[in-house]
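Engineer: need the 3D shape of this:
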Amino acid sequence: MDYKGIVIEESLVDKAILGQFTITETKVEPVTTAHKTPWLTQWTLHTVTIATDQAEQAAQSLSHNLDGDSWYVDFRNRDTHYVIFPNKVFRVDRSRPEQYKAVKTYGMSRGIPAHQLTFSAEIAET
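Structural biologist: Below is the predicted model:
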């Protein structure tokens, strides 16, 4: 089963990496104070699909392409949820929701606001 997720274009060092994914939708969202990215005026959110056999490689590529410490990317299917930070990849078994605690703790240690780290095994595939 393919993975789906959202990649924020402004989080990437090299935007050419987007060519590795199937983009199914793109939205532009104005930055608000809650985003905690005052150096940006917008976020460009690309909904992507990643083939199952390419998920691990995609996670590693993204982890080496995120700009700075305060970004992450995630994608999931019915069984597995990848949460990718710069140089760190979490592979969460969605049947074990306690695994999200380590992801959230790590993200907060990097300065990401808690409200942006709301993961749950019950969240539907994106």
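
Engineer: tell me which residue is most central in the protein.
Structural biologist: Val73 (1.4 Å; C-alpha atoms, centre = their mean).

Engineer: can I get the one helix or strand Asp74 maps to as CSV, trimmed to CA atoms?
Structural biologist: In this structure, Asp74 is located in strand 73-76 according to DSSP states H and E. Provided in CSV are the C-alpha atoms of strand 73-76 (Å, rounded to 0.1, in the frame of the first residue of the first chain):
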residue,chain,number,x,y,z
VAL,A,73,8.1,15.6,7.1
ASP,A,74,5.8,12.7,7.6
PHE,A,75,4.0,10.1,5.4
ARG,A,76,2.0,7.1,6.3
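
Engineer: against which helices or strands is the helix or strand just after that strand packed?
Structural biologist: Using DSSP H and E, the next helix or strand after strand 73-76 towards the C-terminus is strand 80-85. The elements that strand 80-85 packs onto, with contact taken as 3 or more C-beta pairs under 8 Å, 6 or more residues apart in numbering; DSSP states H and E, are strand 3-8, helix 55-63, strand 73-76, strand 88-93, helix 100-109. From N, CA and C alone the C-beta is placed, and that goes for glycine too.

Engineer: so the residue nearest to the centre of the chain touches Ile8, yeah?
Structural biologist: Yes. Val73 is within contact range of Ile8, at 7.5 Å (criterion: C-beta atoms under 8 Å).

Engineer: how close does the closest residue in space to Phe119 that isn't next to it in sequence get to His81?
Structural biologist: Residue nearest to Phe119 in three dimensions, not counting chain neighbours: Tyr100, with 4.4 Å by C-beta to C-beta, 6 or more residues apart in numbering. Distance, Tyr100 to His81, by C-beta to C-beta, to the nearest Å: 8 Å.

Engineer: good, wrapping up.
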